[in-house]
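Participant: mind looking at a prediction? Sequence and model below.
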Amino acid sequence: MNVINRTIDLGDGRTIIIETGKLAKQADGSVTVRMGDTMLLATVCAAKEANTGVDYMPLQVDYREKFSAFGRFPGGFMRREGKLSDCEVLTSRLVDRVLRPLFPDNYHAEVFVSIILYSADGKDVPDALAGLAASAALAVSDIPFNGPVSEVRVGRVDGKFIVNPTYSQLEEADMDIMVGATADNIMMVEGEMDEAQEADMLEAIKIAHEAIKQHCQVQMELMELCGKTVKREYCHEENDEELRKAVHDQCYAKAYAIAVSGTDKQVRSEAFEAIVANFKSNFTEEELETKEDMIKRYYHEVEKEAMRRAILDEGKRLDGRKTTDIRPIWIETDFIPGPHGAAIFTRGETQSLTTVTLGTKTDEKIVDDVLVFGRDRFLLHYNFPPFSTGDARPQRAVSRREVGHGNLAHRSLKRMVPKDYMYVIRVVSDVLESNGSSSMATVCAGALALMDAGVTIKKPVSGIAMGLISEKK
């Protein structure tokens with residue numbers, strides 16, 4: 001065995017030890033990350049070649065917690081770990097969001113990241129280590145990746161910021177955010193807090209980034225010691241530069257005209273599809289067998305460029321709005337007679353029908369995760385049926401996306417319910433139309449439905465999503 005390890009000093013008596021070369025050596029990359037008695041194993045495996053026709057990043061991140069990690073038996077008849085819990089899904093998504101943008105744009109081989117909690121002390125929160133573990137596994141592999149990255153949690157207790165606070169500290173915290181970043185740039189921020197000033201939020205992000213820089217430096221050292229500074233070569237895309245130029249020359253002006261026309265989503269989508277269909281009509285069926293995938297990829301680049309230029313040059317968005325305009329909003333409460341509260345919140349082509357049901361102690365949700373067990377008195381469920389985007393496909397089990405977006409709205413609203421509120425609350429958001437920011441529509445509709453149900457929330461809450469489009473720098 002060639003065991004290599006490095007230590008990160010958190011400056012408060014705690015250390016994080018990253019080790020490779022001992023476990024799961026047949027994976028492309030494998031590390032253990034340990035802080036106190038909390039230990040994670042992260043592995044990464046990537047296919048050598050991409051599947052035919054794949055032009056996206058097929059990344060799968062799975063975070064799993066073993067009940068044995070905390071000396072517990074799984075519940076249920078089988079006494080065995082089953083499907084991912086909501087907690088595991090949310091942690092998987094946290095890691096996915098910080099990794100996915102850093103794979104090369106033309107790298108399309110399947111990548112599987114597995115993070116397993118093998119030991120826990122019940123004090124340290126393991127999800128704060130998952131992003132570091134995943135990135136370190138990639139660092140010691142030969143898989144192309146523009147990292148390293150890491151994630152840390154920052155909590156604020158009695159006005160003091162704490163990096164990777166313990167469970168007990170989080171219970172007292174008025175700010176709890178997770179930050180993902182490279183050594184140079186912030187990649188992702190998610191969390192919850194009581195009302196906070198902008199300067200406090202920025203200070204928390206700055207403190208997180210300083211810790212992440214140290215994590216990234218240690219990963220760079222591991223990469224060099226493992227001899228993995230040179231990554232594998234790959235060629236997943238077949239390209240035809242003459243065809244790329246032809247697509248741009250014949251389609252860009254048409255795409256730009258649609259981008260500034262201010263039409264609604266369906267009309268716009270059909271118009272964009274007609275452009276590429278018209279271009280493909282210039283080729284025979286035999287030629288399209290080899291060129292169609294390239295044409296779709298090149299046209300996507302054209303459509304993206306047209307949208308960006310419309311916004312950057314003319315300040316016009318796809319639906320005709322300026323960059324600072326909010327879509328038209330209409331609201332109706334007490335829309336359904338059966339539930340205790342109900343509201344429709346419609347913003348442009350995004351619509352949430354949200355209901356509130358009040359219950360008694362017997363309706364509490366029993367939480368039986370590895371490290372979090374107890375009862376939950378405030379529930380929020382988010383549903384995203386296929387018809388909300390006009391898709392003709394069946395609706396199966398709850399998706400990771402639905403769990404994640406529901407959690408965003410849950411975190412936005414739960415602190416507004418008084419701790420001594422007598423009823424158990426279930427909020428259900430059904431997204432009936434979607435053209436962006438349906439999770440924030442759920443926040444708005446949820447606040448309205450809570451008030452319609454007579455819940456004495458502290459203050460109304462609103463949610464809005466923001467995006468940044470800038471010149472390439």
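Facilitator: Cool, got the structure. Numbering: from 1, shown residues only.

Participant: how does this structure divide up, domain by domain?
Facilitator: Taking automatic domain parsing as the domain assignment, the record places the domains of the chain at 4-225, 241-314, 329-452.

Participant: do you know which of those lies nearest Leu468?
Facilitator: With respect to Leu468, and counting by C-beta to C-beta, the nearest of the domains of the chain is domain 241-314 at 10.7 Å. From N, CA and C alone the C-beta is placed, and that goes for glycine too.

Participant: distance from the chain centre to that closest one, please.
Facilitator: Taking the mean of its C-alpha atoms, domain 241-314 sits 28 Å from the chain's own mean (C-alpha atoms, centre = their mean, to the nearest Å).

Participant: just the terminal-to-terminal distance for it.
Facilitator: Across domain 241-314, the straight-line distance between its terminal residues is 29 Å, by C-alpha to C-alpha, to the nearest Å.

Participant: cool, and stretch 14-34?
Facilitator: Using C-alpha to C-alpha, the gap from the first to the last residue of stretch 14-34 comes to 10 Å.

Participant: what lies in contact with it?
Facilitator: Here stretch 14-34 makes contact (C-beta atoms under 8 Å, 6 or more residues apart in numbering) with 1-10, 35-36, 39-46, 119, 124, 129, 132-133, 136-143, 164, 215, 218-219, 222, 226, 228.

Participant: repeat that for 6 Å
Facilitator: Applying C-beta atoms under 6 Å, 6 or more residues apart in numbering, the external contacts of stretch 14-34 come out as 1-9, 35, 40-46, 129, 132-133, 136-138, 140-141, 143.

Participant: next: stretch 189-200.
Facilitator: When contacts are defined by C-beta under 6 Å, 6+ apart, stretch 189-200 is touched by residues Asp174, Met175, Asp176, Ile177, Met178, Val179, Arg411.

Participant: filter those residues down to the ones in helices?
Facilitator: Among the contacts of stretch 189-200, the members falling in helices (DSSP state H) are Arg411.

Participant: who wins for most neighbours among the contacts of stretch 189-200?
Facilitator: Val179 (26 neighbours; other C-beta atoms under 10 Å).

Participant: for Ser437, see how far away it is.
Facilitator: Between Val179 and Ser437 the distance is 22 Å, computed by C-beta to C-beta, to the nearest Å.

Participant: could you do Arg415 as well?
Facilitator: With distances taken as C-beta to C-beta, Arg415 is found 21 Å from Ser437.

Participant: could you do Ile162 as well?
Facilitator: 32 Å.

Participant: JSON lines for the contacts of stretch 189-200, including distance to Pro337 and pLDDT?
Facilitator: Shown next, in JSON lines, are the contacts of stretch 189-200 (distance: C-beta to C-beta, whole Å; pLDDT from 0 to 100):
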{"residue": "Asp174", "distance to Pro337": "39", "pLDDT": "94"}
{"residue": "Met175", "distance to Pro337": "40", "pLDDT": "95"}
{"residue": "Asp176", "distance to Pro337": "38", "pLDDT": "96"}
{"residue": "Ile177", "distance to Pro337": "40", "pLDDT": "96"}
{"residue": "Met178", "distance to Pro337": "41", "pLDDT": "97"}
{"residue": "Val179", "distance to Pro337": "45", "pLDDT": "98"}
{"residue": "Arg411", "distance to Pro337": "30", "pLDDT": "95"}
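
Participant: state the pair within the contacts of stretch 189-200 that is farthest apart.
Facilitator: Taking C-beta to C-beta as the measure, the contacts of stretch 189-200 reach their widest spread between Asp174 and Val179, a distance of 17.0 Å.

Participant: what's the burial count for the closest residue to Tyr56 other than its chain neighbours?
Facilitator: Residue nearest to Tyr56 in three dimensions, not counting chain neighbours: His108, with 6.7 Å by C-beta to C-beta, 6 or more residues apart in numbering. The local packing count at His108 equals 21, with neighbours defined by other C-beta under 10 Å.

Participant: doesn't His108 belong to a strand?
Facilitator: No: using DSSP: H, G, I helix; E, B strand; the rest coil, the assignment for His108 is coil, not a strand.

Participant: so where's this structure uncertain?
Facilitator: Applying pLDDT under 70 to the chain flags residues 473.

Participant: so in terms of bridging, what pairs with the residue lying closest to Glu364 once chain neighbours are set aside?
Facilitator: Taking C-beta to C-beta, 6+ apart as the measure, Glu364 lies nearest to Arg375, with 4.3 Å between them; neighbours along the chain are not counted. Beta-bridge partners recorded for Arg375 (DSSP bridges): Ile366.

Participant: how deep is Val356 tucked in, by neighbour count?
Facilitator: Neighbour count for Val356, taken as other C-beta under 10 Å: 25.

Participant: helices or strands up against the helix or strand harbouring it?
Facilitator: Counting by DSSP states H and E, the element that carries Val356 is strand 350-359. For strand 350-359, the packing partners by 3 or more C-beta pairs under 6 Å, 6 or more residues apart in numbering; DSSP states H and E come out as strand 341-347, strand 424-433, helix 438-452.

Participant: contacts for it?
Facilitator: Taking C-beta under 6 Å, 6+ apart as the criterion, the residues outside strand 350-359 that touch it are 339-345, 423-424, 426-435, 437-438, 441-442, 445-446, 449-450, 453.

Participant: can you name the residues that contact the residue lying farthest from the centre of the chain?
Facilitator: The outermost residue of the chain relative to its centre, with distances by C-alpha atoms, centre = their mean, is Thr284 at 41.3 Å. Thr284 makes contact with no residue, according to C-beta under 6 Å, 6+ apart.

Participant: and it, how far from Thr290?
Facilitator: 11 Å.

Participant: cool, Thr38 as well?
Facilitator: For Thr38, the distance to Thr290 under the criterion C-beta to C-beta works out to 52 Å.

Participant: more neighbours, those two?
Facilitator: Using other C-beta under 10 Å, the more surrounded residue of Thr38 and Thr290 is Thr38, with 23 against 11.

Participant: that one is in contact with Asp127, isn't it?
Facilitator: No: assessed by C-beta atoms under 6 Å, Thr38 is found out of contact with Asp127, at 10.5 Å.

Participant: what about the helices in this protein?
Facilitator: In chain order, the chain shows helices spanning 86-99, 127-139, 167-172, 198-225, 241-259, 265-280, 285-314, 400-413, 438-452, with DSSP H as the criterion.

Participant: thinking again about what came up before, pull out the buried members of the contacts of stretch 14-34.
Facilitator: Buried residues within the contacts of stretch 14-34, counting neighbours by 16 or more other C-beta atoms under 10 Å: 4-6, 8, 35, 40-46, 129, 132-133, 136-138, 140-141, 143.
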